[in-house]
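J.: Could you work out the structure for the sequence below:
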Amino acid sequence: MTEDIFFKDPIFLWLLLFFPIIIVWYFFTSNKSQALLKISSIKGFKGKSNLFLKNLRFLPSIFRVLALILIVLAIARPQSVDVSTRTKTNKGIDIVMAIDISSSMLAQDLKPNRLSSLKRVASAFIDDRISDRIGLVVYAGESYTKTPITSDRGIVKKSLEEITYQKIIDDGTAIGMGLATSVNRLKDSPAKSKVIILLTDGVNNSGFIDPKIATELAVEYGIKTYTIGLGSNGNARAPVGILPNGKFKYGVTKVEIDEELLKTIANSTGGLYFRATDNKKLQEIYQEINKLEKTEIQEFKYYNYDEKYRKLIFLAIGFIFLEWFLKSTFLKSFV
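T.: Below is the predicted model of the structure:
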C-alpha cells in the first residue's frame, strides 16, 4: 500500500531549479581550475597513473549536490497523514413502528400485497436510521411487541421479515391498542426524541382501548406520531373468506380507511398523516419521514502527521561524510 506524501512548505522546492545551473557552472569551472603541465614524453610516468581514481574525482562533488538536494527536500517538510474519523450522536431518536397485520393487509392493490410492500419499504427505512433505536409493534384485533427498542438493526430487520398474517391473535383493526402498546414501549425511554410510525389499512373496529385515550397518552409522554393510511382509492382485491383447504378466498372489497382518526392522532401529537395508495407513494412517505426525523451527528476527524524529513537529513549527512572521506583518502591527490 503506497503512502500519500505531501510537502508542508513546498515553496522551498523552487530552490531545486538552481541545481542544474550550479552543476553546469561547476563543470566549466572545474576544467579551468585544473593546472596544465606540458612535457615532451610520458614514458617516465607509465604505470603510475590510476585511471580508476581519476574517473572517480567527480564523486565528492556529486555527493555534495545530492546532500544539498536532500537538505532542500527536508526543509520543504515532507509528511504523510493518517486521518481517522469518529462520530458522536448528540440526539438519538427512539422509533417504534406499529404495523397492522390484519387479514386486509393481504389485499393486492399494492404489489404483491400491502404487507409485503410495507416490509420492503420499512426495511430500507431501518437501514437509513444508522444512529437510532427501533422497535416493532404489531396489531390486528389485539397488539403485542414484536421487537423491543434496540440499536441492533439486524435483529429489527429479521423480525420485520418474519411478520406475517397469523391467526394467533384475533383479526380486526385495534388502532387504539396498537398505539397504546407503542406508547408503552417509549414512555420510559431516555431519548430526547420519541417517534411512533403507525400504519393501518382500515378503521378501528376492535380492542378495548379507545384511540383517543391512546392519543392522549402519546401527548402526555411527548411522543410524536406519524400515521399512514395504506390502500388504494375505491375497491381492492382482498381476502373475503377462507376456503376448505385453509387458504384465503379473494374478492373485490371497498377500501375503508378512517382518515379523520389518523389525522387527529397525527395532529394531536405533532406528527403528520400520509396516505399511501401504491408502492411508490408508500416508499416516498417513508423517505419523507426519514428526512423529517434527522439525528444530529457530530463528526470528529483526527490527523496524525508523520514527518519524513529526518530520513532525508540522515542521508544528506551520509553523503557529506562520503565526500569528506573520499577527499581525505583515495582522492586526496585530486583535490
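
J.: how much space is there between the nearest residue to Gly207 once chain neighbours are set aside and Phe208?
T.: Distance criterion C-beta to C-beta, 6 or more residues apart in numbering; nearest residue to Gly207, sequence neighbours excluded, is Ala174 at 2.8 Å. Using the backbone N, CA and C atoms, a C-beta is placed for each residue, glycine as well. Note on Ala174: its distance to Phe208, by C-beta to C-beta, to the nearest Å, is 8 Å.

J.: Looking at these two now, which is surrounded by more residues?
T.: Ala174 (27 against 9; other C-beta atoms under 10 Å).

J.: how close does the more buried one sit to Val72?
T.: 80 Å.

J.: swap in Leu230?
T.: 71 Å.

J.: Do I have it right that the residue nearest to Gly207 meets Ala214?
T.: No. Using C-beta atoms under 8 Å, Ala174 is not in contact with Ala214; the gap is 9.9 Å.

J.: Run a quick neighbour tally on Ser328.
T.: With other C-beta under 10 Å as criterion, Ser328 counts 11.

J.: what's the answer for Asp201, then?
T.: 27.

J.: right, and it touches Leu106 too?
T.: No. Contact between Asp201 and Leu106 fails when scored by C-beta under 8 Å: they sit 9.9 Å apart.

J.: who touches both of those two?
T.: Taking C-beta atoms under 8 Å, 6 or more residues apart in numbering as the criterion, Asp201 and Leu106 both touch Arg114.

J.: just checking, Ser232 touches Thr277?
T.: Yes. Assessed by C-beta under 8 Å, Ser232 is found in contact with Thr277 at 5.0 Å.

J.: Now the common contact residues for the two.
T.: Asp109.

J.: How many neighbouring residues does Gly241 have?
T.: Gly241, neighbours per other C-beta under 10 Å, totals 9.

J.: quick one: contacts for it?
T.: 248-249, 251 are the contacts of Gly241 under C-beta under 8 Å, 6+ apart.

J.: can you tell me which helix or strand it belongs to?
T.: Assigning secondary structure by DSSP states H and E places Gly241 in strand 235-242.

J.: can you check Met177 too?
T.: Going by DSSP H and E, Met177 is in helix 175-186.

J.: immediately after that helix, which helix or strand?
T.: Next along from helix 175-186, by DSSP H and E: strand 193-200.

J.: quick one: that next one to helix 175-186, angle?
T.: Orientation check (axes from the mean of the first three to the mean of the last three C-alpha atoms, to 10 degrees): strand 193-200 against helix 175-186 gives 150 degrees.
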